[in-house]
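A.B. asks: everything below, folded, please.
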Amino acid sequence: MKKIIAIFLVAVMPMLAQAAGGAHLDKVDIDMGDKASLHNGARLFMNYCLSCHSAQYMRYNRMAADLEIPEDLVKENLMFASEKIGDTMTIAMSKEDASAWFGTKVPDLSVTARSRGADWLYTYLRTFYTDESRPWGVNNTTFKDVGMPHVLWELEGLKKPVYETHKGEDGQDVKTLSGYEIVMPGTMSADEYDKAVRDLVNFMVYVGEPAKMQRYTIGIWVLLFLAVLLIVAYPMKKEFWKDIH
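C.D. replies: Here you go, the predicted model:
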């Protein structure tokens, strides 16, 4: 029973998170068959995420095999905190240092895409804005008062929120977010940054359930087998029940 409850919670967590936060989530096109996207997402994850966040349920050699990346290239370009290709994606930073620097423990990202949802991650990584009142100088529309710095700011740049004022039901002025204004350009255009975030989220979805790639392939063969079985089983059913109908 406990396992059933746990599976149910993982399945509905993205919906609960969205309902609780009330934030609008942008849709992202996830395609685990797009190897180029997964390769770029892996590069971004290793360079910008893995220094603080671990993915302790994923091994480098599993990623290399699934994404068809030669192991020597993984060792040379994607392994910064480990030396053995069979190691899991852990980090050098201790929990104590993380709590001291960020004010809280830094979450492992192995199943974040499953618990939060791909749309939440895609929206979150694109809604950082400057806020001098925060320790890292940034805040986030999707995750208010987040303790994480905007690690992708060099790519996106820095932006400030733009608000519109209108009258609320009580007659008082209400400010609502209408968009963002770039205050410091990044190395990417808005479209390029959206694509980079999509690739990163695509990779995180893969990390959350790497067996999904094989499961899709197996599912096709299962459906084909059932189709062939139906061709044989239906005449047998008619023969067995011919004296009853």
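A.B. asks: now residue 56, what's its secondary structure?
C.D. replies: What DSSP: H, G, I helix; E, B strand; the rest coil gives for residue 56 is strand.
A.B. asks: one more: residue 64?
C.D. replies: Following three-state DSSP, we place residue 64 in the helix state.
A.B. asks: what is the neighbour count of it?
C.D. replies: Using other Cβ atoms under 10 Å, the number of residues around residue 64 comes to 19. All C-beta atoms are positioned from the backbone trio N, CA, C, and that covers glycine.
A.B. asks: cool, residue 159 as well?
C.D. replies: 23.
A.B. asks: that one contacts residue 185, correct?
C.D. replies: No. Residue 159 is beyond contact range of residue 185, at 9.6 Å (criterion: Cβ atoms under 8 Å).
A.B. asks: once you drop chain neighbours, what's closest to residue 29?
C.D. replies: Nearest non-adjacent residue to residue 29, counting by Cβ to Cβ, 6 or more residues apart in numbering: residue 198, 6.8 Å away.
A.B. asks: which element is the one you found on?
C.D. replies: Taking DSSP states H and E as the definition, residue 198 sits inside helix 190-208.
A.B. asks: residue boundaries of the strands in the protein?
C.D. replies: 55-59, 88-89, 128-130, 138-140, 157-167, 173-185 (DSSP state E).
A.B. asks: which one of those lies closest to residue 218?
C.D. replies: Closest to residue 218 of these, according to Cβ to Cβ: strand 55-59, at 20.7 Å.
A.B. asks: buried ones in that closest one?
C.D. replies: Using 16 or more other Cβ atoms under 10 Å as the test for burial, strand 55-59 gives 55, 58, 59.
A.B. asks: now swap in stretch 179-199 and tell me
C.D. replies: Of the residues in stretch 179-199, those buried (16+ other Cβ under 10 Å) are 180, 186, 188, 193, 194, 196, 197, 198, 199.
A.B. asks: so what touches it?
C.D. replies: Applying Cβ atoms under 8 Å, 6 or more residues apart in numbering, the contact partners of stretch 179-199 are 28-29, 37-38, 40-41, 44, 122, 125-126, 129-130, 152-162.
A.B. asks: tilt between the helix holding residue 198 and strand 173-185?
C.D. replies: Relative orientation of helix 190-208 versus strand 173-185 (axes from the mean of the first three to the mean of the last three Cα atoms, to 10 degrees): 100 degrees.
A.B. asks: what's the angle from helix 190-208 to strand 157-167?
C.D. replies: Going by the same axes, to 10 degrees, helix 190-208 makes 100 degrees with strand 157-167.
A.B. asks: circling back: format the strands of the chain as JSON lines; extra columns: mean pLDDT.
C.D. replies: Listed next are the strands of the chain as JSON lines, based on pLDDT from 0 to 100:
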{"stretch": "strand 55-59", "mean pLDDT": "94"}
{"stretch": "strand 88-89", "mean pLDDT": "94"}
{"stretch": "strand 128-130", "mean pLDDT": "96"}
{"stretch": "strand 138-140", "mean pLDDT": "95"}
{"stretch": "strand 157-167", "mean pLDDT": "89"}
{"stretch": "strand 173-185", "mean pLDDT": "87"}
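A.B. asks: as CSV, those strands with distance to residue 118 would be great.
C.D. replies: Formatted as CSV, these follow (distance: least, Cβ to Cβ, whole Å):
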stretch, distance to residue 118
strand 55-59, 16
strand 88-89, 19
strand 128-130, 18
strand 138-140, 17
strand 157-167, 23
strand 173-185, 22
